[in-house]
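J.: no sequence for this one, just the structure:
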C-alpha cells in the first residue's frame with residue numbers, strides 16, 4: 001500500500017509543480033503589463049480610465065512577453081561553455097530552430113492561456129475580425145524575431161563573455177517598444193531610427209498598428225518583420241557556424 005501511495009504522492013507533486021509554474025508564467029507578463037497600463041493611463045495622461053489604444057497596445061506587449069528571453073540566451077551560452085554545443089551542432093536540425101522549439105515547448109501552455117484570455121478583451125473593444133486574426137499571427141512573428149535576436153546574443157558567447165543577456169534584455173525592452181510606446185517617443189527622428197532596426201518588430205510596431213486599428217500598416221509591418229526574420233536567421237546561422245569553427249580551431 002505504501003508503494004502505491006508513494007506513486008500517487010510523487011504524481012501529485014509533479015502536477016502541483018506544473019500548475020504553480022503555469023500560474024506564475026501567466027501572471028508574470030500580466031502583472032508587468034498592468035503596471036505599465038496604470039503608469040501610462042493614470043500618471044502620464046492623468047485620466048480616470050484606461051484609454052482603449054493604450055490597452056490594445058499593451059495587450060500585444062503582454063502576448064510577446066510570455067517568454068523569458070534572457071534565460072533563453074543564457075542557456076545557449078551555458079551550452080557553449082560546457083561543450084554541449086557539439087551535441088546540438090550534430091543534430092539534423094538548425095541550432096536556432098532546435099533551441100526555439102525547445103523553449104517554445106516549455107512556454108506553450110502559458111502563451112496559449114494568455115492568447116485565450118486576450119480574445120474576449122479584443123472583442124470587447126470591438127476590434128475587427130481581420131485585425132484579431134493578424135494579432136495572433138503577428139504575435140508568432142514577433143516571438144520568432146525575439147528568439148532570433150536572443151539566439152544571436154547567446155551565440156555571441158563563442159566570441160566574448162562580456163555580453164550579458166540580462167543587461168541586453170533591459171535594453172531590448174526599450175528598443176522593442178515594450179516599455180515605452182512608439183507614439184510616446186519625444187523625437188520623430190528616433191522613431192524613424194528604430195523603424196530601420198529589427199527590435200521594434202519584436203513588439204512595438206505591431207502593437208502600434210493594432211492600437212490604431214490600422215490594418216494596412218499592420219500588414220506592411222508584418223512584411224518588414226518577415227524580411228527581418230530572413231536576415232536574422234541567415235546571420236544567426238552564420239554566427240553559430242563561425243563560432244563552432246573558431247572553437248574547433250582553438251581546440252576548445
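T.: Ah, there it is. Computed from a predicted structure; not experimentally measured.
J.: following the helix-or-strand element of the chain with minimal mean pLDDT, which helix or strand comes up?
T.: Counting by mean pLDDT, DSSP states H and E, the chain has its least confident helix or strand at helix 2-38, which shows a mean of 57. Counting by DSSP states H and E, the next helix or strand C-terminal to helix 2-38 is helix 52-63.
J.: Now the element after that next one, going C-ward?
T.: According to DSSP H and E, the helix or strand after helix 52-63 is helix 69-81.
J.: quick one: buried residues of stretch 242-252?
T.: Buried residues in stretch 242-252, counted by 16 or more other Cβ atoms under 10 Å: 243-244, 247. C-beta coordinates here come from the backbone N, C-alpha and C atoms, glycine included.
J.: swap that for stretch 51-69, sorry
T.: For stretch 51-69, by 16+ other Cβ under 10 Å, it's 53-69.
J.: Now do the contacts for residue 243.
T.: Listed by Cβ atoms under 8 Å, 6 or more residues apart in numbering, the contact set of residue 243 reads 80, 155, 157-159.
J.: so how far is the helix or strand where it lies off the chain centroid?
T.: If you go by DSSP H and E, residue 243 is part of helix 215-250. Chain-centre distance of helix 215-250: 15 Å, with Cα atoms, centre = their mean, to the nearest Å.
J.: buried ones in the helix or strand that contains residue 119?
T.: Using DSSP H and E, residue 119 sits within helix 95-124. Across helix 95-124, burial judged by 16+ other Cβ under 10 Å covers 95-96, 99-100, 103-104, 107, 110-111, 113-114, 118, 122.
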